[in-house]
Every structure is written in C-alpha cells, then in structure tokens.
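K.L.:
sequence first, then the predicted structure, then my questions.
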Amino acid sequence: MKQLVRNVKILGTGSYVPETIYTNEYLETIIDTNSSWIFENLGIKERRIASPNQCTSDLASKAALKAIENAGLTKDDIDLIIVATATPDRLAPSTAAIVQDKIEAYNSVAFDISAVCSGFLYGMSVASQYIASGVYDNVLVIGADTFSKIVDWKRRDAVFFGDGAGAAIFTHGNVNEGFLAFRLYTDGRGKFNYTIPAGGSEMPATEETIAKRLHFFQMNGRAVYETGTKVLPEAINQVLQDTGLTISDIDYLIPHQPSIKILQKTAEIIGLPWKKVMTNMDKYANTSGGTIPILLDEVNRSNKLKKGNTILFAAVGSGWTYGASILRWS
C-alpha cells in the first residue's frame, strides 16, 4: 500500500545541446551588437543552435533518454512525462505527447507546462504533487526550448538565447531526503514584457502580422533585470523561512540563467557567496526552460553534489512567473 504523502527526490538527470555554435563574434556579423558588451553584461560567450531539421521534441527526447539511463530505469518505468517549453513543436498536440512517442514510453501520461523560463521549476512542483500523493511513482520532467526558431535575428535581444534541453527523473524518497519546500508565483501585470505578439487566438497569423515580424519573440530587457533582482530574492527568502534554514545552510544555488548581472545582484542581496552559484550561460546562454535541468545535469555528472547537500533552485520568466525550491540531495 502506498503512503498518502511521500517525500520526493531526484533519481537521475540528463541533458542535450545541439552541436552548432554561434559565438558572440559571429553575432556581430549579423546583428548590430558588440561581443564584449554581451559577455560583460550577460556572461555569455557562445550559444548552441538547433539545426533546421531539429525541433524541441528532438532535443527533449535525447535529454530524456539520458535521464532515464542515469536513473537506472527503463522507458516502461515512466508513469508521467511533463515537458516545460515555450517553443512547442506545434500548437497541438503537446510536445510531451510527441516526446512520449519518440522515446516509446507508452506507459506514461504526458502533457506540457507553459511557464517559459520558470517552466522546469513549475514542472518539478507538479511532479512532486503526483508522487507525494501516491498517484505516480516515476515522473520524467523535461525543460526544453529552441528559441533560435522564434527570436528575430535582426533584433539585439536575440543575443540572450540558445537552444537546449535538460531532464530529471523524480521518484519517492525517504523522510530525510528530497524536496523541503516549493514557492511558485505569477504576476500577470508583467505579461507583455516578454512576449510573442502574434500567432495565438488574440492575433492569428496573417500576411500583415508576418510582414510586421510579430511572430518573433520580443523582450524588455530592463524590466527583466528590475523584476528578476526583486522577485528572486523574495522567493528565495520565503523558502528559507518555510524550511527554517538560513542562507549559510545552502551548499549550491542552481538557478535559471537570465543574465550574469541578475544572478550576481541576487547573490549579493541574499548573502550567498558567488562560489556557491552555479552557472553555464557562458557556454549555452539562456536556454529558457532548459537552463535549470541542463545545469543540474552538469553539476550532477561532475560529482560535485554529495549526499546531504542542500540545493536551492530559483527561476524568473515571462508572465511574470517566478519561484524557488529547496532540495536535500541524496
């Protein structure tokens, strides 16, 4: 008989990034930008770009199979697949259903989550509810995006993004391991600071919307910085209060990768030494829903994480969506 409320832990991780690399110096040749400004302000040296025949589900499937293998499971052990993405293969069906077919995990239920850069954090929370309640045992959560397909390569905000996917297997754990707290937030008043105007029911595709390039992603970079440096510390301090921990109890922060300056300011506000803040945006830029699981997989496979480490997750994204979580690693 299953417990009604169970602890939830991460059993395995995986990730995948495309082979093609766009350096800052290359972007100088196609956009009005400066490679030094990009690195100094965003912390980005290069980003990975999906090939013309690669879509989000291709990246997600590769990351998923690596996570399943790392967890010591088979595809038949997966009960639920959640894909967090802002760049689905199609408006319908869900990218999760396409991934289920590509990895042949036919025992699973599958659906998408739309919370953009906070999507994987939201997915972790949803997975934890299903496992804690005893509904499912093994949940595959994937964060995957191909922003190179939706950024306007004539706009400077294209330099922020790269393509990639990360995945993790969530399962039930013992009472002394797993997630200690989640806090998720949404503030729809910021909904148009990070958006794609056309292509939905509000503004269906027409010759005019295409001519005005309204199907490409648009971002208010100043608003992202101001919001991120306000809400990330608030969410982090709330989960610390929820768990009775202090910032000195945190071994590593594995955050979304919005920009190096947002993370540096956040670390300064919460009082976390920079050496505890994990980053990889120099190699991959902002992969949106993919940032946290790609970074988690890199840190996990480097054997940096030790049993009993206390891991802090935090993200902010379009919506606004944001939140934080604390995990006791096992």
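P.N.:
Nice, I can see it.

K.L.:
low-confidence regions, this protein specifically.
P.N.:
Within the chain, the stretches with pLDDT under 70 are 1-4.

K.L.:
what about the strands in it?
P.N.:
Counting by DSSP state E, the chain has strands at residues 7-16, 20-23, 46-49, 80-84, 109-113, 139-146, 163-173, 178-186, 194-195, 218-219, 252-255, 310-317, 321-328.

K.L.:
how about the ones you listed in TSV, adding mean neighbour count?
P.N.:
From N, CA and C alone the C-beta is placed, and that goes for glycine too. Formatted as TSV, the strands of the chain follow (neighbours: other CB atoms under 10 Å):
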stretch	mean neighbour count
strand 7-16	23
strand 20-23	16
strand 46-49	24
strand 80-84	29
strand 109-113	20
strand 139-146	33
strand 163-173	28
strand 178-186	19
strand 194-195	20
strand 218-219	17
strand 252-255	24
strand 310-317	25
strand 321-328	24
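
K.L.:
of all those, which one is nearest Asn286?
P.N.:
Minimum separation from Asn286 across the strands of the chain (CB to CB) falls at strand 46-49, 8.3 Å.

K.L.:
note down every partner strand of that closest one and its orientation.
P.N.:
Taking DSSP bridges as the criterion, strand 46-49 pairs within the sheet with strand 20-23 (antiparallel).

K.L.:
what residues of stretch 115-130 count as buried?
P.N.:
Within stretch 115-130, the residues that count as buried by 16 or more other CB atoms under 10 Å are 115-128, 130.

K.L.:
out of the residues you listed, list just those in helices.
P.N.:
Cross-referencing the buried residues of stretch 115-130 against helices under DSSP state H gives 119-128, 130.

K.L.:
can I get the strands of the chain in JSON lines including distance to Thr74?
P.N.:
Shown next, in JSON lines, are the strands of the chain (distance: least, CB to CB, whole Å):
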{"stretch": "strand 7-16", "distance to Thr74": "12"}
{"stretch": "strand 20-23", "distance to Thr74": "31"}
{"stretch": "strand 46-49", "distance to Thr74": "28"}
{"stretch": "strand 80-84", "distance to Thr74": "14"}
{"stretch": "strand 109-113", "distance to Thr74": "17"}
{"stretch": "strand 139-146", "distance to Thr74": "12"}
{"stretch": "strand 163-173", "distance to Thr74": "11"}
{"stretch": "strand 178-186", "distance to Thr74": "23"}
{"stretch": "strand 194-195", "distance to Thr74": "38"}
{"stretch": "strand 218-219", "distance to Thr74": "40"}
{"stretch": "strand 252-255", "distance to Thr74": "27"}
{"stretch": "strand 310-317", "distance to Thr74": "27"}
{"stretch": "strand 321-328", "distance to Thr74": "25"}
